[in-house]
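> please work out how this folds:
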Amino acid sequence: MRCVIARFPFELTKGGVLESMKGVKPEPVTGESVIIGRRHYPVKQVGQVITRQDRRDFSAAEVLRAMAQLGFTCRAVPKAAPQGILSPMQHASAMLGTPVTV
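As a prediction, this is how the structure comes out:
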């Protein structure tokens, strides 16, 4: 599949991406990620490996689009869990604060 990443055309195949990422240890995921094989890789790491470009040269959206078109599972940034609703007693307790020892 032909795709453009950082204004450069690339011919990518699913097998080629799998081969490129073979033996690459995934970095900790803090944002968007791509599942390649059984591993979760940060999008920027995948883009750097398959394009051999600096991570600052391309956006995560470009790589996500290409990986999704190749059939890889892409994950967005996990949303923060909604805050639980406090009961009136918990709300009053939170407003009073914690006890101070003298």
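> now what about the longest helix seen in the chain, what contacts it?
Counting by DSSP state H, the longest helix found in the chain is helix 60-70. Helix 60-70 is contacted from outside by 1, 3-6, 10, 12-14, 17, 31-32, 34, 43-44, 46-47, 74, using CB atoms under 8 Å, 6 or more residues apart in numbering. Using the backbone N, CA and C atoms, a C-beta is placed for each residue, glycine as well.
> can we see that at 10 Å?
With CB atoms under 10 Å, 6 or more residues apart in numbering as the test, helix 60-70 has contacts from 1-7, 10, 12-18, 31-36, 41-48, 50-51, 55, 58-59, 72-77.
> also stretch 39-46?
Taking CB under 10 Å, 6+ apart as the rule, stretch 39-46 contacts 17, 20-21, 24-36, 47-49, 54-56, 58-64, 66-67, 72-75.
> do stretch 1-19 as well
Outside stretch 1-19, the residues touching it (CB under 10 Å, 6+ apart) are 20, 34, 36-37, 46-47, 49-51, 53-54, 56-59, 62-63, 65-67, 69-72.
> all helices of the chain, in order?
Going by DSSP H, the chain shows helices at 14-21, 43-51, 60-70, 88-96.
> sorry, back to before: okay, the angle between the longest helix of the chain and helix 14-21?
130 degrees (axes from the mean of the first three to the mean of the last three CA atoms, to 10 degrees).
> any idea how far the residue positioned nearest the centre of the chain is from Lys22?
Closest residue to the average C-alpha location of the chain: Glu32 at 1.8 Å, with CA atoms, centre = their mean. Using CB to CB, to the nearest Å, one gets 21 Å for the distance from Glu32 to Lys22.
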